[in-house]
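Peer 1: show me how the following folds:
(one chain, ligands or ions: 1)
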Amino acid sequence: MEKTFLMVKPDGVQRNLIGEIVSRFEKKGYQLVGAKLMVVSRELAEEHYAEHKERPFFGELVDFITSGPVFAMVWQGNNVITTARAMMGKTNPVDAASGTIRGDFATSVGMNIIHGSDSPQSAEREIGLWFSADEVLSFEKTIQRWI
Ligand SMILES: Nc1ncnc2c1ncn2[C@@H]1O[C@H](COP(=O)(O)OP(=O)(O)OP(=O)(O)O)[C@@H](O)[C@H]1O
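Peer 2: Now for the predicted structure:
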């Protein structure tokens with residue numbers, strides 16, 4: 001089953017949007033198989049955003065993502081990587097359509113509420129970076145928990 005890494009960023013947590021965001025993915029039909037509320041270390045933030053190291057906004061990005069708790073999640077389901085990105089909307093909320101998370105709740109590219117893996121390779125890398133194996137339910141364990 002395809003899995004992706006999603007994270008409610010500090011602005012989303014501060015604005016009490018965890019429930020709204022989780023609800024959207026639940027209603028879509030995806031399964032939450034891992035979740036934790038955490039304050040991110042600079043080390044983890046820099047590793048997570050390593051591809052942006054040379055960008056002018058890298059320092060601000062790391063400052064922001066470490067500025068307060070985030071809600072890190074692993075979701076699974078059919079085509080969840082691409083569909084979650086569509087549900088999130090464009091990176092810059094100015095370009096994000098109404099009905100998407102960023103389109104409905106954000107106004108600035110620096111504080112755009114949510115992160116989602118953008119490919120199977122980044123999903124695998126990010127799930128491994130943020131979660132240990134025993135923090136993510138396997139499909140079998142999920143079924144057992146729901147009985
Ligand atoms: N010009 C910018 N100024 C400030 N922050 C930016 C800018 N461009 C991108 N960012 C921040 O860096 C993050 C990573 O950028 P990226 O291009 O990977 O977008 P994304 O994949 O949609 O976002 P994310 O990785 O958070 O899901 C963005 O979500 C945004 O918070």
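
Peer 1: contacts and neighbour counts: CA atoms only from here.
Peer 2: Fine.

Peer 1: in the sheet, who's paired with Q31?
Peer 2: Using DSSP bridges, the bridge partners assigned to Q31 are Q76.

Peer 1: is it true that it touches V80?
Peer 2: No. Look at Q31 against V80 with C-alpha atoms under 8 Å: they stay out of range, at 9.7 Å.

Peer 1: more neighbours: the two, which one.
Peer 2: V80 (23 against 18; other C-alpha atoms under 10 Å).

Peer 1: check contacts around that one.
Peer 2: E2, K3, T4, Y30 (C-alpha atoms under 8 Å, 6 or more residues apart in numbering).

Peer 1: pull out the buried members of those.
Peer 2: K3, T4, Y30 (16 or more other C-alpha atoms under 10 Å).

Peer 1: pLDDT for these - can I get that in CSV?
Peer 2: What follows is the buried ones among the contacts of V80, written out as CSV (pLDDT from 0 to 100):
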residue, pLDDT
K3, 97
T4, 98
Y30, 95
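
Peer 1: and of those, the nearest to E60?
Peer 2: T4 (25.0 Å; C-alpha to C-alpha).

Peer 1: is that closest one in a helix, a strand, or coil?
Peer 2: strand (DSSP: H, G, I helix; E, B strand; the rest coil).

Peer 1: so it sits against I127, correct?
Peer 2: Yes. With contact defined as C-alpha under 8 Å, T4 counts as touching I127 (7.2 Å).
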